[in-house]
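**Q** quick one, what's the 3D model for this:
(2 chains)
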Amino acid sequence: MALLDVEDLSVTFARRGQRTVRAVDGVSFSVNAGEVVGLVGESGCGKSVTSLAIMGLLPKQPGLQVSGKAVFDGTDLLQIDDRSRRDIRGRDVAMIFQDPLSSLNPVVPIGLQVTEVLTRHRGMRGEAAAKEAAQLLDRVGIPDPKRRLKEYPHQLSGGMRQRALIAMAVACQPRLLIADEPTTALDVTIQAQILELLKDLVQDSGTALVMITHDLGVVAGMCDTINVLYGGRVVETARRRPLFRQPRHPYTVGLLGSVPRLDAGRGERLNPIPGSVRDLLPWPDGCAFAPRCDRRVDACIGEPPELVLTHDGRSYRCVNPAPLPGLTPGDEVRTAVPGPATPGSVPAQAVPDEPPAVPGLAAAPSEEETP
Amino acid sequence: MFRFIVRRLLQLIPTLFGLSILLFIWLRRLPGGPETAILGERGTPEMRAAIRRNLGLDEPILIQYGRFIRRMIRLDLGTSISTKREVTTEFLQRFPGTVELTITAMVIAVGIGIPLGYLAARRRGRFLDHASVGGSLIGICIPVFFLAYILKAIFSENLGWFPSSGRQDPTIGATRITNFFVLDGLMTREWDAAADALMHLVLPALALASIPLAIIVRITRASVLEVLNEDFVRTAEAKGLTENVVRRRHVLRNAMLPVVTSIGLLTGGLLSGAVLTETVFAFSGIGAFLADSINQRDYPVLMGFIMIIAVVYVLVNLIVDLSYSLIDPRVRVR
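**A** Predicted structure coming up:
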């Protein structure tokens, strides 16, 4: 059984006098112990809301509705009471946020912000907690940790702040770590360092990692399995290499195609996906991506596309997917699953030997097979 | 830190100098003078002139001002025209009452206002929120003297829980040391005197606290609402900290910054005296005395009291700035 099983997760925000917004619409995916899973998509596709819903961190407001399941180690995180959730948060499931400056309390020293987790979940106090905190800062690569413990967030650089946040997240050796765009607010050089650090940490401790990002470079460098989200639904799930080599969903194709290429000729235009997420069609009326899709056919409108599971263990939600070379659509084993209640995860498959043939991504944070 | 304090105290000198000029001009431009207050309508021009000569008011204004400054430098504030007593003595006798009243009122306002503002923010849109926001609007709108009379009528005259006027029951015969009646009672171990002085403080302090309380509730509520949306509160929640720790360490500590500033300003305001409250409760502080002095054109008292109040105001705000830097490391003073 997977460590985390998200099933048919939906989040809607209803405000009086406004249209109800369905930010997450039946998302399903799973994370195995020690696995790195990516949630990829544009801004507004529901990836952050998904992670906050799993953590129970969505701002409590009237009109917020969360349904579905998020089963972590046999416990449905969406059903448990506030106290048990606080027990799990920070100890078994931890989270790293996007903006390290605003995510740290400006008036509390770094040391206390680290030790408070140790005090809460490991019962450590005083000298022992301070010593452990210094070790944690050292482990995430913060030099002179003893001095840093007494400093305040504004005295640290952006990269140091994110390292400190990571130290707080891994303080209790959680089994699942959710990283919500952990490198977006950082310089490119620092980004690579932070990704390396995360990769080392999860490899050493066997922590599973859910990596939320819009950056395909991050995904290519780290993730075992990737879920592509669009309009609050998972539109494609695949292991890393098949996804990069042969994306099936036109949105995934578009995402990969819009990455700028270093080997492109001068003056060659970039290749963005036309339109924006605002142009999406409500899922009940058809495929949300249809208005922006260049493979649109008549069947796209009217009913939401069903999830298609293929014989190589991938899945996508499209009636007219990008073709696989040497394979006619009839050869594919199609298991049509109606509605959104589908496990989006796929079992691990034999992965081809060649490195992912992703244009422009060769410079992504290194993997052992990247030359 | 030390240099900061010294610098701020040095800044006080030009402030006081400027204030003294403004005050001098303003007071002398008030129609009438002490001689009118003393003689009323009956005085002949000769009698008026004699009084003015006696008080030195017939000399050119620059000479008068120079004399005032020379005395100020020796910390001599002169003698009251109406009571014939030293201004400093008058001040030291009355100011402790105002200080006691201010402190009690602010303890009430802060002690109720911050928890209430926090709860209102946490229960946003629910009954307690609407009740405290609406209640604070009433608190701001209701005239203080009206509230004072109501409190007096209910809790003193009808229920008899609290004394209706004065600072202490004179029949107790309490020993006076500092003129802070509660403090004196504690220092001399005359417990009944301290308790009696405290009971005398309750009603005027409640009346005086109404506006600061309302302001503190609103500022706390708005500030907490803002902080609750901050990312670091989400981080604290993600760490699984207990609600208590999140509230104390992460929400309130940050939300207190604007509240501390307003507490400073409000305290400074109350310390300059509460004429209406003091009048209703016959409470001897500086407020009613200042109002009388304006009517009497008692120039030395007005000059002296207002200058001292200015110093107190600056000191209170210095304390606020220092405590601000204790809460927020980003504004550590140098």
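
**Q** the residue at minimal distance from the centre of chain A in helix, strand or coil?
**A** Among the residues of chain A, the one closest to the centroid is A:I212, at 2.3 Å (C-alpha atoms, centre = their mean). At A:I212, secondary structure determined by DSSP: H, G, I helix; E, B strand; the rest coil is strand.

**Q** so who does it touch?
**A** Taking C-beta atoms under 8 Å, 6 or more residues apart in numbering or on different chains as the contact definition, A:I212 lies against A:38-39, A:47-48, A:50-51, A:178-181. For glycine as for every other residue, the C-beta is placed from the backbone atoms N, C-alpha and C.

**Q** which ones among the residues you listed map onto helices?
**A** Among the contacts of A:I212, DSSP state H puts A:47-48, A:50-51 in helices.

**Q** nearest to A:L78, of these?
**A** A:T50 (11.9 Å; C-beta to C-beta).

**Q** so what pLDDT did that closest one get?
**A** At A:T50, the model reports a pLDDT of 91.

**Q** repeat that for A:T370.
**A** We have a pLDDT of 38 for A:T370.

**Q** centre of the chain to the helix or strand harbouring A:A164, how far?
**A** For A:A164, the element it lies in under DSSP states H and E is helix A:158-170. The chain centre lies 18 Å from the centre of helix A:158-170; the measure is C-alpha atoms, centre = their mean, to the nearest Å.

**Q** average pLDDT across it?
**A** Per-residue scores along helix A:158-170 average to 89.

**Q** just stretch B:122-139 next, same as before
**A** Stretch B:122-139 carries an average pLDDT of 84.

**Q** quick one: low-confidence ranges for chain B?
**A** Residues of chain B that meet the criterion pLDDT under 70 lie in B:332-334.

**Q** residue of it closest to chain A, please.
**A** Residue of chain B nearest chain A, by C-beta to the nearest C-beta: B:G240 (3.4 Å).

**Q** quick one: that residue and A:V93, what's the gap?
**A** 9 Å (C-beta to C-beta, to the nearest Å).

**Q** okay, these two: which has more neighbours?
**A** A:V93 (27 against 23; other C-beta atoms under 10 Å in any protein chain shown).

**Q** if we can go back for a sec, how about TSV for the ones in helices among the contacts of A:I212, with distance to chain B and neighbour count added?
**A** TSV is the format used below for the ones in helices among the contacts of A:I212 (distance: C-beta to the nearest C-beta, whole Å; neighbours: other C-beta atoms under 10 Å in any protein chain shown):
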residue	distance to chain B	neighbour count
A:K47	16	27
A:S48	11	20
A:T50	15	28
A:S51	10	22
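
**Q** so which of those residues is the closest to B:T79?
**A** Among those, A:S48 lies closest to B:T79 (C-beta to C-beta), at 73.0 Å.

**Q** grab the nearest non-local neighbour of the closest one.
**A** A:D180 (5.5 Å; C-beta to C-beta, 6 or more residues apart in numbering or on different chains).

**Q** and what of B:P212?
**A** B:A109 (3.9 Å).

**Q** I'd say that neighbour and B:L213 touch.
**A** Yes - B:A109 is in contact with B:L213 according to C-beta atoms under 8 Å; the separation is 4.1 Å.

**Q** pretty sure B:V133 contacts B:A214?
**A** No - with contact defined as C-beta under 8 Å, B:V133 does not reach B:A214; the gap is 9.6 Å.
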